[in-house]
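Enquirer: Below are the sequence and a predicted model; questions follow.
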Amino acid sequence: MLITHYDIRLFYKCSMLLYLSYHGPEDEMSVHPILKTRKRDSQSKELTFKQIASRIKGTSIAIDNAKRVINQSWIGNRSYASKVDKLEQTNINSSDFSIYVPTFFRNNARARKPLMMEGTFATYILSEFYDNPVNYFIIRSKNGDTEYDVENYLSELISDLPLIYKLKSGEQSISPNYTRGCRVCEWRYHCRNLAADTLDLTLVSGIGKRVKKVLFSHDITDIPSLATADLSTLKDEDLLSKDLEYFQLQAKSLMDKKAIIRKKMSFPTSQIELFVDVEGSSHHDFVWIIGCVIRKNDEVEYKSFLANSPEEEKEMIVAFLDFISNLGDDYKLYHWSAAEPQYFTNLVDKYNLPRNPVHKIQNHSLDLFDIFKEKIILPIYTYTLKDVANWLGFKWNEPLTDGATSIILFDNWYLRNDRKSLERAISYNSDDCKALVIAKDYVVKSLS
Ligand code: SF4
């Protein structure tokens, strides 16, 4: 069996993902629309052994002929194979001795762990099987070339290769760690069900692979055992006691299926309440909507500020800031997470607008996400606005999976002029704003 760069990338994204890619029940897979961009990855997965062997042979011939540059190369042997965008010959320390350096073309120069390990894998193959002692690889992006030294990663790769082999062959299976990254994974429902069946610790918000390992070492192996653990006997320098208490409350809430109120607070009152949700198009680098539900004297109205293209973005933020300044001082603005204030600051900076109006908005703002995290425990796995509002009984009219899907809808409008998609994306934004109303009312009722 062949281990390819594709397997390496999957393993370091998530080891369960590698296992499921070959042995998961396909009818339980649900590809998130945003992942359809993964085409390039799956192409190499679908090449046959014979096709890969023939490409490796082609690269070997080019190396034997000392070709300086080999594009779209494949390197490897019967056990390992890696596709490399470009192999380039470089002389070492101005000597006559030259080596091939693997180069990967990417949009940005940052090598996250999966790419770091993919680069390490390519250097490992070149060093071990081609007598080509290279200890770095290059990412070529629009900002130029960035070199990455693999020295600190090589031993990890070598020690992980047997497990990668066993997972790919199906000789060994593993259980999922259900974390934030799972939200856009094609196996999210499958893994969430598996984790729920075993009451896995990673279903507790804030517990990831590392904390799970520490808890396991103290014989806390699932949600019920965490809910009833005696925390006073559990001293571990890797875990803060306040985090442990929080995890235990989460576990208790999940077991009892009930909310737990941790701290009360008094709420400011105001004549006007704004519930704001901002969406940006990360592909095209601009903010396309500032959505706002306005509640005044029990009357509720949704208003949106739109930028159909980057050229309209400045006009949009100016219109929004004018709208806010015309409200006077008796208002409160509610949002979910730190993203909204950050969007406002970025926009005024981008267009050299005065910062004062944004500072004023910040003084009138409350982050509902922070309030939930600090003061209320709900029997849910993640504290997204969608999960919280769903638990509170709110249903989105537009049945999108999440905000990432609304990015795709906006793309359909921006790139293909599909008005229906735009309407759906606006409708989703308006539901997000209404969900904030539900969340705020619950917080006031529970904490006052
Ligand atoms: S859902 Fe999560 S645990 Fe499962 S394969 Fe995907 S990333 Fe891994």
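Expert: Alright, I've got the coordinates.

Enquirer: CA atoms only for the host helix or strand of S304 - export them in CSV, please.
Expert: Assigned by DSSP states H and E, S304 belongs to strand 299-306. C-alpha atoms of strand 299-306 as CSV (Å, rounded to 0.1, in the frame of the first residue of the first chain):
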residue,chain,number,x,y,z
GLU,A,299,-41.5,47.3,17.3
VAL,A,300,-39.0,45.3,15.3
GLU,A,301,-37.5,46.2,11.9
TYR,A,302,-34.7,44.7,9.8
LYS,A,303,-32.4,47.0,7.9
SER,A,304,-29.4,46.0,5.8
PHE,A,305,-26.5,48.1,4.5
LEU,A,306,-25.1,46.4,1.4
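
Enquirer: Could you identify the helix or strand that succeeds that strand?
Expert: Next along from strand 299-306, by DSSP H and E: helix 313-325.

Enquirer: what about D85, distance to W74?
Expert: 11 Å (CB to CB, to the nearest Å). Heads up, the C-betas are built off the backbone N, CA and C, glycines and all.

Enquirer: neighbour count winner among those two?
Expert: Neighbour count, other CB atoms under 10 Å: between D85 and W74, W74 has more, with 25 against 15.

Enquirer: just checking, what packs against the strand or helix carrying the more buried one?
Expert: Counting by DSSP H and E, the element that carries W74 is strand 69-76. Where contact means 3 or more CB pairs under 8 Å, 6 or more residues apart in numbering; DSSP states H and E, strand 69-76 is packed against helix 49-64, strand 80-91, helix 113-129.

Enquirer: right, so of those, which gets closest to the ligand?
Expert: Evaluated over the helices and strands packed on strand 69-76, closeness to the ligand peaks at helix 113-129, with 11.7 Å, by CB to the nearest ligand atom.

Enquirer: So for stretch 106-119, what gets flagged as buried?
Expert: Residues A111, P114, L115, M116, M117, E118, G119 are the ones in stretch 106-119 that count as buried (16 or more other CB atoms under 10 Å).

Enquirer: what's the closest non-adjacent residue to the last one?
Expert: So that's G119. If the residues on either side of it in the chain are set aside, G119 comes closest to F137, at 3.7 Å by CB to CB, 6 or more residues apart in numbering.

Enquirer: same check, this time on the fifth one
Expert: Counting by CB to CB, 6+ apart, M117 lies nearest to Y12, which is 4.5 Å off, once chain neighbours are set aside.

Enquirer: Pull the number of nearby residues for the one you found.
Expert: 24.

Enquirer: other SSEs contacting the helix or strand hosting it?
Expert: Assigned by DSSP H and E, Y12 belongs to helix 5-13. For helix 5-13, the packing partners by 3+ CB pairs under 8 Å, 6+ apart come out as helix 15-23, helix 39-46, strand 80-91, helix 113-129, helix 151-169.

Enquirer: pLDDT of that helix, averaged?
Expert: Mean pLDDT, helix 5-13: 96.

Enquirer: For the strand holding S304, give me every contacting residue.
Expert: By CB atoms under 8 Å, 6 or more residues apart in numbering, the residues outside strand 299-306 that reach it are 288-294, 312, 316-317, 319-320, 323, 426, 429-430, 433-434, 437.

Enquirer: Could you count how many residues lie near the residue lying closest to D349 once chain neighbours are set aside?
Expert: Nearest residue to D349, sequence neighbours excluded (CB to CB, 6+ apart): R355, at 7.6 Å. By other CB under 10 Å, 13 other residues sit near R355.

Enquirer: Surely R355 and L347 touch.
Expert: No: contact status for R355 versus L347: not in contact, 10.7 Å apart, counting by CB atoms under 8 Å.

Enquirer: measure the residue lying closest to V31 once chain neighbours are set aside to M29 for me?
Expert: Computed as CB to CB, 6+ apart, the closest residue to V31 that is not its neighbour in sequence is E186, at 4.6 Å. According to CB to CB, E186 and M29 sit 5 Å apart.

Enquirer: cool, S365 as well?
Expert: In this structure, S365 and M29 are 40 Å apart, going by CB to CB.

Enquirer: again, but for I289
Expert: For I289, the distance to M29 - CB to CB - is 31 Å.

Enquirer: So if I had to pick from those two, which one is more boxed in?
Expert: Between I289 and M29, I289 has the larger neighbour count (other CB under 10 Å), namely 24 against 15.

Enquirer: So the more buried one: helix, strand or coil?
Expert: When classified by DSSP: H, G, I helix; E, B strand; the rest coil, I289 comes out as strand.

Enquirer: isn't F49 right next to M1, touching?
Expert: No: contact between F49 and M1 fails when scored by CB under 8 Å: they sit 9.1 Å apart.

Enquirer: For my notes, confirm G393 occurs in a strand.
Expert: No: assessed with three-state DSSP, G393 is coil; it does not lie in a strand.
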